[in-house]
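*Asks:* Got a predicted structure plus its sequence, pasted below:
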Amino acid sequence: MATSMTLSRLREMKVQGEKIVCLTAYDASFGRLLDGAGVDVILVGDSLGMVIQGHSTTVPVTMEDMVYHSQAVAKGNRMALLMVDMPFMACPTVDLALVNATRLMQEGGAQVVKLEGGGVQLEIVTELARRSIPVCAHLGLQPQSVHKLGGYRVQGREAEAAKAMLDSALALEAAGTDMLLLECVPETLATAISQAVSVPVIGIGAGVGCDGQVLVLHDILGVTAGKVPRFSKNYMVGAESIAEAVGHYVAEVRDGSFPDEAHWFS
Ligand code: KIV
């Protein structure tokens, strides 16, 4: 009989070199479909601000939005680990981070909360970990900082930035993060970070050397309006149904054929 996904099972998968499959979902129907397709981790991402609400960034997404969508996905999901984003400015202080993470867990059904940021989040990650709140720290491209960054760009290309990201990953692990997520990071750096830490590392546009992969559901189903990131792949091409497309994604992440070089950055 299949058992529910846990953080310790994800760590075991890392040790055994079994790839972790993660995908975003925002409602109960897709929560059920992804869970049935064998996705290990379902991420209720604040990307919902763009693909569900039609905003041009994730910045307008609120705690209420995250709780609402998390509750919906939780109703459809049975076995996958449910990870939920802390939206923009949900962690301005340790106290507010604790309050908001608690809401995502108690009201939204989250089993892991994901927050963007490196060094600046160390104190918060330490405190969440101390209170037994599972955390995934999101490094590399942090979409909530898009206005500061001036666009969605690959992060960590220069030696100094690469070293800073590796140092942040190690510091976040020491602070107690349970997982890392690397977005838009050169493949060699993402591989080095994945090998340097013992917690599972999920990549998006970060190459095949990560312990697992995540993509945005609407991108892989070919329904995202406007530009789709180069690292994503439309799995509806050649598929007869959404379930088959998701199944192909799961299979390709599992056997390491996704991502290939066309879907990562050097
Ligand atoms: O919000 C989201 O969907 C994410 C992914 C891009 C990793 O954070």
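*Replies:* On my side now, so go ahead. Residues are numbered from 1 along each chain as shown.
*Asks:* and the one helix or strand in the chain whose mean pLDDT sits lowest with the ligand, contact?
*Replies:* Ranked by mean pLDDT, DSSP states H and E, the helix or strand of the chain with the weakest confidence is helix 146-149, at a mean of 92. No - against the ligand, helix 146-149 shows no contacts by Cβ under 6 Å from any ligand atom, the least distance being 12.0 Å. For the C-beta atoms, the positions are set from N, CA and C on the backbone; glycine is no exception.
*Asks:* Which residues outside that helix are in contact with it?
*Replies:* Thr57, Thr58, Val59, Leu141, Gln142, Tyr152 (Cβ atoms under 8 Å, 6 or more residues apart in numbering).
*Asks:* Repeat the analysis, applying 6 Å as the threshold.
*Replies:* The contact list for helix 146-149 (Cβ atoms under 6 Å, 6 or more residues apart in numbering) reads Thr57.
*Asks:* Which positions within that helix qualify as buried?
*Replies:* Under the neighbour-count criterion of 16 or more other Cβ atoms under 10 Å, helix 146-149 has Val146 buried.
*Asks:* likewise stretch 18-25?
*Replies:* In terms of neighbour count (16+ other Cβ under 10 Å), stretch 18-25 has its buried residues at Lys19, Ile20, Val21, Cys22, Leu23, Thr24, Ala25.
*Asks:* Quick one: the strands in the stretch 101-250 of the chain, in order.
*Replies:* Under the criterion DSSP state E, counting those that start in this stretch, the stretch 101-250 of the chain carries strands at the ranges 112-116, 135-140, 179-183, 201-204, 212-215.
*Asks:* mind checking how far the third one is from the chain centre?
*Replies:* Using Cα atoms, centre = their mean, to the nearest Å, we find the averaged C-alpha position of strand 179-183 to lie 6 Å away from the chain's own average C-alpha position.
*Asks:* What's the local residue count around the residue of the chain found nearest the ligand?
*Replies:* Closest residue of the chain to the ligand, Cβ to the nearest ligand atom: Gly45 (2.2 Å). For Gly45, the count of nearby residues is 30 (other Cβ atoms under 10 Å).
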